[in-house]
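[1] below are the sequence and a predicted model for it; my questions follow.
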Amino acid sequence: MAAVAPSRLAALTRLRCEIFQTAYNPTSVRTGAKYLRARLRGPSMIQYYPDTLTVTQFNRMPGDFKIRNWEEYQRLADVEEKKRRGKGAPKKAKSPAESRRMSRKR
């Protein structure tokens, strides 16, 4: 029995790849085809975890029940305390003459 020529085996492999729609890779180079063919995980992960609901989103929902956002309440109280002590943000200039940029010497 005669051995089959390598060129005939390569042609057979190429034809097999065309028929079964697989990647022809005669040199066995790593292509990552296994990972590219795999099903994407993102959509199923999004379905698994529920949507996060913030306090402001909950308060915008219709209904009488409201939740106080304690972080925002604490932040506003801290800003008010700093203003009382004179450590708050400076007031915004209402005209170009009031701004620090205009009063600076050149």
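    Done, it's in.
[2] ok, Ala23 - how many residues close by?
    10 (other CB atoms under 10 Å). Yep, even glycine has a C-beta here, placed from its N, CA and C like the rest.
[3] what do you get for Gly88?
    13.
[4] wait, it sits on Lys82?
    Yes. Between Gly88 and Lys82 there is a contact at 4.4 Å, judged by CB atoms under 8 Å.
[5] so where's this structure uncertain?
    In the prediction, the chain carries residues with pLDDT under 70 at positions 1, 102-106.
[6] centre-most residue in this protein?
    The chain has Gly42 as the residue nearest its centroid, 11.7 Å off, counting by CA atoms, centre = their mean.
[7] mind checking how far it is from Tyr48?
    Distance, Gly42 to Tyr48, by CB to CB, to the nearest Å: 11 Å.
[8] tell me the SS of Lys94?
    What DSSP: H, G, I helix; E, B strand; the rest coil gives for Lys94 is coil.
[9] so who does it touch?
    Contact analysis of Lys94 by CB atoms under 8 Å, 6 or more residues apart in numbering lists nothing.
[10] torsion angles phi and psi at it?
    phi -90, psi -20 (degrees, to the nearest 10).
[11] could you dump stretch 69-83 to PDB, C-alpha only?
    The C-alpha coordinates for stretch 69-83 follow below in PDB (Å, rounded to 0.1, in the frame of the first residue of the first chain):
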ATOM      1  CA  ASN A  69     -30.300  59.900  51.800                       C
ATOM      2  CA  TRP A  70     -28.100  60.100  54.900                       C
ATOM      3  CA  GLU A  71     -24.900  60.600  53.000                       C
ATOM      4  CA  GLU A  72     -26.300  63.600  51.200                       C
ATOM      5  CA  TYR A  73     -27.800  64.900  54.400                       C
ATOM      6  CA  GLN A  74     -24.500  64.600  56.200                       C
ATOM      7  CA  ARG A  75     -22.600  66.300  53.400                       C
ATOM      8  CA  LEU A  76     -25.000  69.300  53.400                       C
ATOM      9  CA  ALA A  77     -24.600  69.500  57.200                       C
ATOM     10  CA  ASP A  78     -20.800  69.500  56.900                       C
ATOM     11  CA  VAL A  79     -20.900  72.200  54.200                       C
ATOM     12  CA  GLU A  80     -23.200  74.400  56.400                       C
ATOM     13  CA  GLU A  81     -20.900  73.900  59.400                       C
ATOM     14  CA  LYS A  82     -17.900  74.900  57.300                       C
ATOM     15  CA  LYS A  83     -19.700  78.000  56.100                       C
END
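[12] I am finished for the moment; much appreciated.
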